[in-house]
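[1] Sequence isn't available, so here's the structure alone:
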C-alpha cells in the first residue's frame, strides 16, 4: 500500500481552441495523502477545476499519470476503485441534484449505481443524512427546490458520503453560500474529516478559507503548480511572487483593513499563448535576467516541505545574474 | 451641514411581506458607506429603492432626500415620479449592480455605449462626446483602444471598469455599487476596489458599497451598516464596528471570518438560516438564532446609539465583552 491516497504525476490536459492548443494543465504533479485536507488555490482559469476533473477521470489527459493507491485511474481496475473510493461535490448543488427526485432517492442513487447490497441502503442513507446535519424524517421526502442553498449542499455531501469514500473532492463547495451558512457547511466537512478520516481536496479561489482549513496547499497559475507546502507556511510566508501577490490582495475583515499595498498588474495570460520561461514573468514584480527564458521547476524554498517554482530560490541563477538574493 | 443623502423609514413591501422594514440612512458628500448582510436581508432592495428601480410587484414608502452638488434644491426622491427620476438617475446618483458587467449590450462598441449615456444628460457634438468617452476610460484605467472593442473582447475586470465608467458618465455625486467585485478574482477585485477608492478621492464621489464580503467593506468604507431580515441592526465607523461589534449578529458574522495570521480553525457557526420575509419572528428578528438571547428579546428593539457614533438594535447593548460560547456538537446542528 502506497502512502498516498491519490497521486498525480506530470499530467497535461489540452484543449483545442480556434486552431491553437490551450494547455489547461501543463505538467502537474500532486500527492493527496489519506485523511489529509489539501487545498488547491488559484484564480479562474488557472486549471484547478480541470485538475479535479482529471483526478475524477472525467477529463482526458494528454500526458502523465493519475493513480489511486497505485492503480492508474485510466485502467478499468483503477477506475472502479476511483468511483468507489473518491467522490466529488460542486459549487452549485442546484445544478447537480436532479430536481425531479426526492432527497431520499438522490442520496440512495450512488448505492444503486454501485450495486451495494439493498439491505444496507436505509441504514447508510440515514447515517449520511445525520452526518451532514439533516433530519432523515424531515428531509427524505423533500424535493431540492424545497430546500435552502445550504441544505442542498448538505444533500450533495450526503449523496457523496453513502458509498463511504476515502476522499472527497470539493470544487468551490461554499462560494455560493452566505457567511453563516458557509460556516455550517465547513463545520460539516471538517467533522467528517475528523470522525471518518475522510481526506478532502478543497478547490477554491479563497485563500483565507484554504489557510483556515487545509493541512497543505498547492497554488496554481496558468496550468502549473507554482508553490506548495503546509498551509500556514504557504499563506503566512509565501515564497513565490505570485502567491505573495495573491495574499497581498486578500481583503482583510478587521479594523484598519489591509492598508496600502502594491497590486499585481495585468491579468492572467491566454492559455493558448503561455509566456516563455517562467510563465509568471511578464507580471512578476521581481523578475530578473533569466526569467523569460528558463522555466523553473519546483525548488525547495522557505519552510520544510515548502517548494516554489521561482528562480529566486535557485542560488546559481541568482548569483549568475549578479543580483543579491532577496527572499 | 446637511447630508448628501438622508433616508427616513424606508419600507419596501411585496404584497404584505416586508422586504425592507424601516431603514434610516445618512450619507455625507464624499463618504463611503458599506451595506453588509446575507442574501435576502434587503440590501439590494434598499439600493434599488434609492434609485426607484424596484420591480412593479414591490412598493416603497419613506422619505429619500438627495442634496447633490450642482442642484439648487434638495431632490425628494421619495416623491418623484418615473419621469422625474429620469433626470436624477445617472446625473446625480448612479448604480453599478451585481453582474452588471454581463449586461453591456453585446452588439455595440464600448465607446458607443458610453457615448449614449453621456448624450442622455449633456449637450455637445460628436467630437466632445468622443473626448469625454476617452477621458472616462482613462479615469477608470482603461486605454482608449478599449472603446473600439465589443464587450466579449474584454475580460471580466475590464467590463466591470466599463460599467464604472458608465456610472460616472454624467458626473454623479453618489454611486451605489451592489457587489461590484463578487464575480472577480482576488487580484482583479483588489484592483477594482482601489479604483473606486481613487475615484472617491479625485472626484469627491460618495459611495454606497453593498457586499456580503466584510473584508471588502473593511477596506473600502468609512462607515458600515449591517442589515438582517430587512432591518439595520448595527451602524458605525468601520474601525469601531470591526474592533468592537455591538450587535450579536455582527459579532457572529465577524467571528466566522478567517483573518490570516490570527487563530486558525473554524468558529462555531450561527445555527439555522435567516427568517422568511413572510413571517419574521416577533421582537428582535435575530433572537431565535442568537446565542446571547434573553427575556427582553421578544420585544422589538430600536436602533439606538450605544457608543459614540455606533448604533445597535440589541436590547443588551452596549456589549463591553462577549460571554464565552460552548462549541456546538460535531457535525453541525440539524436545521429546519
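    Received it, and whenever you're ready, just let me know what you need. Owing to the predicted nature of the structure, the values given are computational and were not obtained by experimental measurement. Residues are numbered from 1 along each chain as shown, chains lettered A, B, ... in the order given.

[2] Neighbours of the closest residue to chain A within the stretch 101-250 of chain B, how many?
    Nearest residue of the stretch 101-250 of chain B to chain A, counting by Cβ to the nearest Cβ: residue B:215, 3.2 Å away. Glycine gets a C-beta too; all of them are placed from N, C-alpha and C. Neighbour count for residue B:215, taken as other Cβ atoms under 10 Å in any protein chain shown: 23.

[3] can you pull the contacts of the residue nearest to it when sequence neighbours are not counted?
    Leaving aside its chain neighbours, residue B:215 sits nearest to residue A:251 (3.2 Å; criterion: Cβ to Cβ, 6 or more residues apart in numbering or on different chains). Counting by Cβ atoms under 8 Å, 6 or more residues apart in numbering or on different chains, residue A:251 touches A:257, A:258, B:189, B:190, B:193, B:213, B:215, B:216, B:218, B:219.

[4] circling back: mind checking which helix or strand the residue of the stretch 101-250 of chain B closest to chain A is in?
    Taking DSSP states H and E as the definition, residue B:215 sits inside helix B:214-220.

[5] all strands in chain A, in order from the N-terminus.
    With strands called from DSSP state E, chain A shows them at A:6-17, A:20-32, A:37-41, A:63-68, A:71-72, A:86-89, A:167-171, A:199-204, A:216-221, A:224-230, A:299-300, A:307-308.

[6] Residue B:129 against residue B:115, yeah?
    Yes: shown here, residue B:129 and residue B:115 form a contact pair, counting by Cβ atoms under 8 Å, at 4.8 Å.

[7] anything in stretch A:262-282 near chain B?
    Yes: Stretch A:262-282 lies within reach of chain B by Cβ under 8 Å from any Cβ of the partner chain, at A:263, A:264, A:267.

[8] residue contacts, residue A:30?
    Contacts were defined as Cβ under 8 Å, 6+ apart; by that measure residue A:30 touches A:7, A:8, A:38, A:40, A:51, A:218, A:225, A:228.

[9] how far away is residue A:318 from residue B:48?
    Taken as Cβ to Cβ, to the nearest Å, the spacing of residue A:318 relative to residue B:48 amounts to 56 Å.

[10] Tell me the confidence at residue A:258?
    On pLDDT, residue A:258 comes in at 64.

[11] er, residue B:1 I mean
    We have a pLDDT of 56 for residue B:1.

[12] any idea how far the residue lying closest to residue A:104 once chain neighbours are set aside lies from residue B:45?
    In this structure, residue A:104 finds its nearest non-sequential neighbour in residue A:140, 3.8 Å apart by Cβ to Cβ, 6+ apart. Distance of residue A:140 to residue B:45, computed by Cβ to Cβ: 35 Å.

[13] How many residues are close by the closest residue to residue B:302 other than its chain neighbours?
    Once flanking residues are discounted, residue B:302 sits nearest to residue B:313: 6.6 Å by Cβ to Cβ, 6+ apart. The number of residues packed around residue B:313, counting by other Cβ under 10 Å, is 24.

[14] can you give me the helices for chain A?
    Using DSSP state H, the helices found in chain A span residues A:48-55, A:76-85, A:93-96, A:103-113, A:121-131, A:136-139, A:149-161, A:179-196, A:207-213, A:231-236, A:241-249, A:315-320.

[15] measure the residue nearest in space to the middle of chain B to residue B:40 for me?
    Nearest to the mean C-alpha position of chain B, counting by Cα atoms, centre = their mean, stands residue B:210 at 2.2 Å. Using Cβ to Cβ, residue B:210 is found at 13 Å from residue B:40.

[16] next one: residue B:130
    Residue B:130 is 43 Å from residue B:40, by Cβ to Cβ.

[17] do the same with residue B:173
    Counting by Cβ to Cβ, the gap from residue B:173 to residue B:40 is 30 Å.

[18] Those two: who's more crowded?
    Set residue B:173 next to residue B:40 and count neighbours by other Cβ under 10 Å: residue B:173 wins out with 23 against 20.

[19] Pull the number of nearby residues for the closest residue to the more buried one other than its chain neighbours.
    Leaving out its chain neighbours, the residue that sits closest to residue B:173 by Cβ to Cβ, 6+ apart is residue B:68, at 3.8 Å. Other residues lying near residue B:68 total 19 when counted by other Cβ under 10 Å.

[20] can you confirm residue B:68 is in a helix?
    No: counting by DSSP: H, G, I helix; E, B strand; the rest coil, one finds residue B:68 to be coil, located in no helix.

[21] Mind pulling up the pLDDT for residue 93?
    No chain in the question, so chain A it is. On the pLDDT scale, residue A:93 is placed at 75.

[22] try again with chain B
    Confidence score, pLDDT, at residue B:93: 94.

[23] Next: residue A:264.
    pLDDT recorded at residue A:264 is 85.

[24] Tell me which residues touch residue B:306, please.
    Residue B:306 touches B:246, B:312, B:314, B:317, B:318, counting by Cβ under 8 Å, 6+ apart.

[25] ok, which pair from the residues you listed is furthest apart?
    Greatest spacing in the contacts of residue B:306, by Cβ to Cβ: B:314 and B:318 (8.9 Å).

[26] who touches both of these two?
    Common neighbours of residue B:314 and residue B:318 (Cβ under 8 Å, 6+ apart) are B:246, B:306.

[27] Can you get me a residue count around residue B:65?
    For residue B:65, the count of nearby residues is 18 (other Cβ under 10 Å).

[28] sorry, back to before: for residue A:140 and residue B:45, indicate the residue with more neighbours.
    Between residue A:140 and residue B:45, counted using other Cβ under 10 Å, the more crowded position is residue B:45 (23 against 19).

[29] Looks to me like that one is in a helix.
    Yes: counting by three-state DSSP, residue B:45 is located in a helix.

[30] just the helices in chain B please.
    B:43-50, B:82-86, B:110-121, B:126-139, B:156-168, B:186-203, B:214-220, B:238-243, B:248-255.

[31] if you compare those helices, which one is most tucked away?
    Highest mean neighbour count among the helices of chain B (mean count of other Cβ atoms under 10 Å in any protein chain shown): helix B:214-220, with a mean of 25.

[32] now that helix: how far from the chain's centre is it?
    Remark: helix B:214-220 is offset 11 Å from the chain centroid, using Cα atoms, centre = their mean, to the nearest Å.

[33] Spell out which residues of the stretch 51-200 of chain A are next to chain B.
    A:130-135, A:138, A:148, A:150-151, A:178-188, A:190-192, A:194-195.

[34] Kindly recompute the last result at 7 Å.
    A:131, A:133-135, A:148, A:150, A:178-181, A:183-184, A:186-188, A:190-191, A:194-195 (Cβ under 7 Å from any Cβ of the partner chain).

[35] just the buried members of these?
    Buried members of these, scored by 16 or more other Cβ atoms under 10 Å in any protein chain shown, are A:131, A:133-134, A:148, A:150, A:178-181, A:183-184, A:186-188, A:190-191.

[36] Apart from its chain neighbours, what residue comes closest to residue A:124?
    Ranked by Cβ to Cβ, 6+ apart and with sequence neighbours excluded, the top spatial neighbour of residue A:124 is residue A:162, at 4.9 Å.

[37] With residue B:108 instead?
    Nearest to residue B:108 is residue B:150, by Cβ to Cβ, 6+ apart, at 7.4 Å.
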